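**Q** Dropping a prediction and its sequence here:
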Amino acid sequence: MTSRAIAPDDRQRLWGLWLGLLGICVFAVTLPMTRLATGTVAAPQLSPWFITFARAVIAAGLSAVFLLATRSRWPKPEERGPLFLAMLGNALGFPVLLGWALRHVPSGHAAVFTALLPLATAALAAWVLHQRARWGFWVCAVLGAVLVLGFSLWRAAQQGHGFALEWADALLVGAVLSAAVGYVFGAKVTPALGAERVICWVCLMALPVSLPGALLTWPQQPVAPISWLGLAYVGVFSMWAGFFAWYRGLAWGGTLRVSQLQLLQPFVSMLAAVPLLGEALEASTILFALAVVATVLVGKRLAQ
């Protein structure tokens, strides 16, 4: 009795999914860590502008060491445009919009909008990267987004946060669109440049803005140590190391399919918020998470 061997392309796509999942787990902790770093309106800590610039500076320093150690080549002219768009989306747009929004709304409220990120990424990938999928995939993508959106709304209402549209919601929509742009255009140059070098060059391209920005917005008031810890996490992991896995996963597994793993991100964020923010994990969260996992698995099979 013999078992069917896994084809090289299938093995690479499988690895792409696992790397994408690793990246999502890293990114999921960004919400509670950013909340710790910014504080609230009543007890502000680090400015969202400072967090945006400082995390990019931290990542740029690590990127310079990596590029020098690996003797990496400079980006080619045709690679600089996508890198610039990835820089605008991932290094500047997403963190500053998310940071300001999280100062005014709870993380559960923000999860309502991050639930739309997989669908936004998949739609942009279909347009920019010309990746196609059968209608069943899009049904699963929309169903997964609706499940997470509905769960987040229900959870916010249960906790008494409500869901009245306000200006912070516009910031969250902008953050979702910025992240989708950064993900897709970063994935576009990953096959030629390599996942590690893509995020490294993105961070270095932001340095002329991020370094003076961090110096100009340096906090003048005392800051709690836990807020500095939050900044360290988003600088090292959210802005740098997580993209090593994420961009590689998008390139190997296919942006359309791997992007749907982002449906799990709000649930992982809620799990991380248990020890970090003292929130409780309910049985309903687990049930909804299992339903979302089902849409991801079915969508994976229908992607091609």
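**A** Perfect, thanks for sending it.

**Q** burial measure for Ile199, as a count.
**A** Per other C-beta atoms under 10 Å, the neighbour tally for Ile199 reads 31. Yep, even glycine has a C-beta here, placed from its N, CA and C like the rest.

**Q** what residues are up against it?
**A** 59, 63, 90, 186, 240, 243-244, 247 (C-beta atoms under 8 Å, 6 or more residues apart in numbering).

**Q** now these in CSV, with neighbour count, secondary structure and pLDDT?
**A** Converted to CSV, the contacts of Ile199 look like this (neighbours: other C-beta atoms under 10 Å; DSSP: H, G, I helix; E, B strand; the rest coil; pLDDT from 0 to 100):
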residue, neighbour count, secondary structure, pLDDT
Ala59, 29, helix, 96
Ser63, 25, helix, 96
Asn90, 29, helix, 92
Gly186, 28, helix, 90
Trp240, 25, helix, 94
Phe243, 30, helix, 89
Phe244, 21, helix, 91
Tyr247, 31, helix, 87
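
**Q** from these, which is closest to Val176?
**A** Set against Val176, the nearest of the contacts of Ile199 by C-beta to C-beta is Asn90 (12.5 Å).

**Q** Correct me if wrong: that closest one contacts Trp240.
**A** No - with contact defined as C-beta atoms under 8 Å, Asn90 does not reach Trp240; the gap is 10.5 Å.

**Q** Excluding sequence neighbours, find me the nearest residue to Leu83.
**A** Trp201 (5.4 Å; C-beta to C-beta, 6 or more residues apart in numbering).

**Q** so which strand or helix has that neighbour?
**A** helix 195-216 (DSSP states H and E).

**Q** ok, then the element right after the lowest-mean-pLDDT helix or strand in the chain?
**A** Within the chain, judged by mean pLDDT, DSSP states H and E, the helix or strand with the poorest mean is helix 107-114; its value is a mean of 68. Note on helix 107-114: by DSSP H and E, the next helix or strand toward the C-terminus is helix 117-128.

**Q** Just list what the following helix or strand past that next one packs against, helices and strands only.
**A** Per DSSP H and E, the first helix or strand lying C-terminal to helix 117-128 is helix 135-158. When contacts are defined as 3 or more C-beta pairs under 8 Å, 6 or more residues apart in numbering; DSSP states H and E, helix 135-158 sits against helix 107-114, helix 117-128, helix 265-277, helix 283-302.

**Q** How about helix 135-158, which residues are buried there?
**A** 137-138, 140-141, 143-145, 147-149, 151-153, 155-156 (16 or more other C-beta atoms under 10 Å).

**Q** neighbours of Ala123, just the number please.
**A** Here the number of neighbours of Ala123 (other C-beta under 10 Å) works out to 16.

**Q** Look up how far Val181 lies from it.
**A** 12 Å (C-beta to C-beta, to the nearest Å).

**Q** what do you get for Trp127?
**A** 11 Å.

**Q** Neighbour count: those two, which is higher?
**A** Each of Trp127 and Val181 has its neighbours counted (other C-beta under 10 Å); Val181 has more, 21 against 10.

**Q** In three-state terms, how would that one be classified?
**A** helix (DSSP: H, G, I helix; E, B strand; the rest coil).

**Q** And it, how far from Ala125?
**A** 11 Å.

**Q** And for the helix or strand where Arg248 lies, what's in contact with it?
**A** Per DSSP H and E: Arg248 is located in helix 242-253. Here helix 242-253 makes contact (C-beta under 8 Å, 6+ apart) with 12-24, 26-27, 90, 183, 186-187, 190-191, 195-196, 198-199, 202, 258-259.

**Q** let's go with 6 Å and repeat that
**A** 12-13, 15-17, 19-20, 22-23, 26-27, 186-187, 190-191, 195-196, 198-199, 258 (C-beta atoms under 6 Å, 6 or more residues apart in numbering).
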